[in-house]
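J.: quick check, what structure comes out for this input:
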Amino acid sequence: MEGASYVEHFYQTLGEDWFDFQEIYKRMVQRYDNAHFVEVGSWKGRSSVFMAVEIINSGRNIRFDCVDTWEGSVEHITISDVINKKLYATFMANIQPVKNIINPIRLKSVDASKCYTNGSLDFVFIDASHEYRDIKNDILCWMPKVKKGGVFAGHDVYAPGVSTALQEVLLGKYRVEGNSFVVYL
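T.: Numbers count the residues shown, from 1 in each chain. Predicted structure coming up:
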């Protein structure tokens, strides 16, 4: 990305303020070059555009995929963009200024994980469904995709489904940072 100019962050202007893992994303961009990142659960793109701006401003070569159905999860069924099936359109409009950095993959998480070979990704961040069975499947499907020396992380560590799945599958092999979990492989 030689010659790229500096881009101001604009994530604060997008959607709900659920994004609180900026430091993890900054650290991952600083940690890697010639890398491949995947965000599982991108909602309206607030965290996605933050990561994209960090990638642009770093000048590093990082491929960034955003995986989501853009149909919402169980906890979102009463939200207008979900009811009106406009979540994907909202995401696409929000990422417009950095769309050349973001590769949207519109699939269910487990199905999307099959698009990647084991040990092929440098960083995966899970922030999709918080239902126990879903997050457990996300951990089991996505963690093997991260290469040795990579990082597997996710959000909402205190949500009941997430915390139960983490304790069951990762057996305390993760660090808690704010409301996120981080596993260095």
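
J.: so where's this structure uncertain?
T.: Scanning the chain for pLDDT under 70 picks out 1-4, 73-84.

J.: what packs against the lengthiest strand in the chain?
T.: Counting residues, the longest strand in the chain under DSSP state E turns out to be strand 146-155. In terms of contacts (3 or more Cβ pairs under 8 Å, 6 or more residues apart in numbering; DSSP states H and E), strand 146-155 is packed against helix 22-31, strand 121-126, helix 132-142, strand 180-184. Heads up, the C-betas are built off the backbone N, CA and C, glycines and all.

J.: which residue is the nearest non-sequential neighbour of K85?
T.: Spatial nearest neighbour of K85, excluding adjacent residues (Cβ to Cβ, 6 or more residues apart in numbering): E71 at 7.6 Å.

J.: count the residues that sit near that neighbour.
T.: 13 (other Cβ atoms under 10 Å).

J.: now it: phi and psi?
T.: The phi/psi pair for E71 (degrees, to the nearest 10) reads phi -120, psi -10.

J.: partners of the residue positioned nearest the centre of the chain in the sheet?
T.: Within the chain, the residue whose C-alpha comes closest to the C-alpha centroid is E39; the distance, by Cα atoms, centre = their mean, is 2.3 Å. Counting by DSSP bridges, E39 forms beta bridges with C66, F125.

J.: what lies in contact with the host helix or strand of S163?
T.: Take DSSP states H and E as the rule and S163 turns out to sit in helix 160-169. Outside helix 160-169, the residues that touch it by Cβ atoms under 8 Å, 6 or more residues apart in numbering are 130-136, 139-140, 154-157, 174, 181.

J.: sheet partners, orientation included, of the next helix or strand after that helix?
T.: For helix 160-169, the succeeding helix or strand toward the C-terminus, using DSSP H and E, is strand 175-177. Looking at strand 175-177 with DSSP bridges, its partner strands are strand 180-184 (antiparallel).

J.: may I have the partner strand exported as PDB, CA atoms only?
T.: What follows is strand 180-184, C-alpha atoms only, in PDB (Å, rounded to 0.1, in the frame of the first residue of the first chain):
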ATOM      1  CA  SER A 180     -12.900  -9.700  25.000                       C
ATOM      2  CA  PHE A 181     -11.000 -13.000  25.100                       C
ATOM      3  CA  VAL A 182      -7.600 -13.500  23.500                       C
ATOM      4  CA  VAL A 183      -5.700 -16.700  22.800                       C
ATOM      5  CA  TYR A 184      -2.100 -16.600  21.500                       C
END
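
J.: report the angle between that strand and helix 132-142.
T.: 30 degrees (axes from the mean of the first three to the mean of the last three Cα atoms, to 10 degrees).
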